[in-house]
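[1] kindly return the folded structure for what I paste below:
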Amino acid sequence: MVYAPLVALIVILLFLLIVLAFRLQKLQNNAPHERGERSTEEEIFFAIALPIAFKKEQQWHYNKAFKIAFGELLKPTFETLDTLPRNGTTLLDLMYDNAIQKATLIHSSNFFNRYNTEIFICALHDVHALHTRKTLLLKQKEQCELALESCDEALWDWDTKSDTLFYSTKWKKIMGYEPHEEIDTLNAWLNLVDTKDMARVNEALRAHLDGKSTFFCIEHRVRNSEPLRWVMVRGKAIVGAHNEAIRMIGTLRDVTHQKAEELKEKKTSLRFSGFIENLPFLGFIKNSQGEYLYLNPAFQKFIGFKAWKNKTDPFLFNEATAEALEEIERLCRYEGLCSHTISLTNEHNHPTPFTLHCFMQDESEERLFCGIYIKHAS
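    Numbering: from 1, shown residues only. This is a model prediction of the structure:
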């Protein structure tokens, strides 16, 4: 709670005031002092910088700080204090002597002296600046959540010291919680990680908290979601003075659609790859240095399954064939001539006539030489 330290301070001051009040009562009864002369206890009461007032026998008494704070507005201030509970803490907007309305935290308490006279004490603390900052932070938090929501991102914030988490409304919606549900534990998330992904998620989270990764980023399935839902969780730990994570802030995004598209593309790629792999033609891909990057199974069988990766034509074929293939690549690469007739020797050194259909494919910073050999009909 934002005001918790202030409440504790005020409670201590009120206790001291009650002690002072008893002491003053005793002094007034046993040893009255001369007019205008104050006891030590009275001096302490008036010297306290916190505005304090107490009511005894329908008469309000107050210290110097209270007088400075409210000046000509003492009467309406006392009328407001009269409405407060006899024991409790209240946050009110009070008008101060400088005509500025400020948020004020008031702790009120009462007790009865030995003459059974009620004494009602109020200690006031100007929390206007704190209240303003809190309001600003809440507004900024709301703006942040709205900005993230427009980007389909949900916010979470983990205080690792108290082991409590804040989950935004959108986070709850994505993960299947109701907006009004009170959830503030790490397990509220981890319990929804699919069992197939749990070990991977725990390992990545532990590694990040141990400083082994700059950012935490992982995708996982949501347990028992129907239809199956995927989320991406990202975050970054804030490290304290002892080089340990004291806080971790991050976002969560529903990536179900993207994962479905990835799966669709993967299936398409596998289907096409399977199609190429099973063609009865000889297919290949070479880099700009003439090294083979890919041979389909039919080509590998044709050369007797010898080692081929990153090898060049002189390694796979005789000198005459290698020179002819080098010229064909030159014609394709620089002159655009893409159909050629050539004989290749198989694993048994038997020449086999083929028609080569070749083409260039741009990839990254180089152009790959690709082609398919189609065997002539016998």
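
[2] once you drop chain neighbours, what's closest to E291?
    Among residues not flanking E291 along the chain, N310 sits closest, at 4.7 Å (CB to CB, 6 or more residues apart in numbering). (C-beta placed from N, C-alpha, C; glycine too.)

[3] wait, that neighbour touches Y292, no?
    Yes. Counting by CB atoms under 8 Å, Y292 is a contact partner of N310 at 6.9 Å.

[4] so between the two, which is more surrounded?
    Higher neighbour count among N310 and Y292: Y292, with 19 against 11, using other CB atoms under 10 Å.

[5] ok, that one - contacts?
    Shown in contact with Y292 (CB atoms under 8 Å, 6 or more residues apart in numbering): 284-286, 308-312, 316.

[6] residue closest to the middle of this structure?
    Central residue check for the chain by CA atoms, centre = their mean: the C-alpha nearest the mean position is that of G250, 0.6 Å away.

[7] dig out what that one forms beta bridges with.
    W156, G235 (DSSP bridges).

[8] quick one: pLDDT of Q28?
    At Q28, the predicted lDDT confidence score is 53.

[9] now the phi/psi pair for the spatially closest residue to P351 that is not a sequence neighbour, please.
    Ranked by CB to CB, 6+ apart and with sequence neighbours excluded, the top spatial neighbour of P351 is S343, at 4.3 Å. Note on S343: its backbone torsions stand at phi -100, psi 130 [degrees, to the nearest 10].

[10] S343: neighbouring residues, count only.
    Count around S343 with other CB under 10 Å applied: 13.

[11] right, and it touches T352 too?
    Yes. With contact defined as CB under 8 Å, S343 counts as touching T352 (6.3 Å).

[12] returning to that earlier point: can I assume the residue nearest to E291 sits in a helix?
    No. With DSSP: H, G, I helix; E, B strand; the rest coil as the criterion, N310 is located in coil rather than a helix.

[13] circling back: dig out what the residue nearest to P351 forms beta bridges with.
    Under the criterion used (DSSP bridges), S343 bridges to P353.

[14] contacting residues around it?
    Contacts of S343 by CB under 8 Å, 6+ apart are 321, 351-354.

[15] now T352
    302, 343-346, 375.

[16] try 10 Å
    282, 302, 342-346, 373, 375-376 (CB atoms under 10 Å, 6 or more residues apart in numbering).

[17] do the same with Q101
    By CB under 10 Å, 6+ apart, the neighbours of Q101 are 92-95, 128.

[18] for these, give me JSON lines that also has pLDDT, secondary structure and neighbour count.
    JSON lines is the format used below for the contacts of Q101 (pLDDT from 0 to 100; DSSP: H, G, I helix; E, B strand; the rest coil; neighbours: other CB atoms under 10 Å):
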{"residue": "L92", "pLDDT": "91", "secondary structure": "strand", "neighbour count": "15"}
{"residue": "D93", "pLDDT": "92", "secondary structure": "strand", "neighbour count": "11"}
{"residue": "L94", "pLDDT": "93", "secondary structure": "strand", "neighbour count": "21"}
{"residue": "M95", "pLDDT": "94", "secondary structure": "strand", "neighbour count": "15"}
{"residue": "H128", "pLDDT": "83", "secondary structure": "helix", "neighbour count": "17"}
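
[19] could you dump those to JSON lines with distance to A154?
    Below are the contacts of Q101 laid out as JSON lines (distance: CB to CB, whole Å):
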{"residue": "L92", "distance to A154": "36"}
{"residue": "D93", "distance to A154": "34"}
{"residue": "L94", "distance to A154": "39"}
{"residue": "M95", "distance to A154": "42"}
{"residue": "H128", "distance to A154": "33"}
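
[20] what's the burial count for I52?
    23.

[21] so what pairs up with it in the strands?
    Bridge pairing for I52 - DSSP bridges - gives A123.

[22] isn't it right up against L81?
    No. Applying CB atoms under 10 Å as the test, I52 and L81 come out as separate, 11.0 Å apart.
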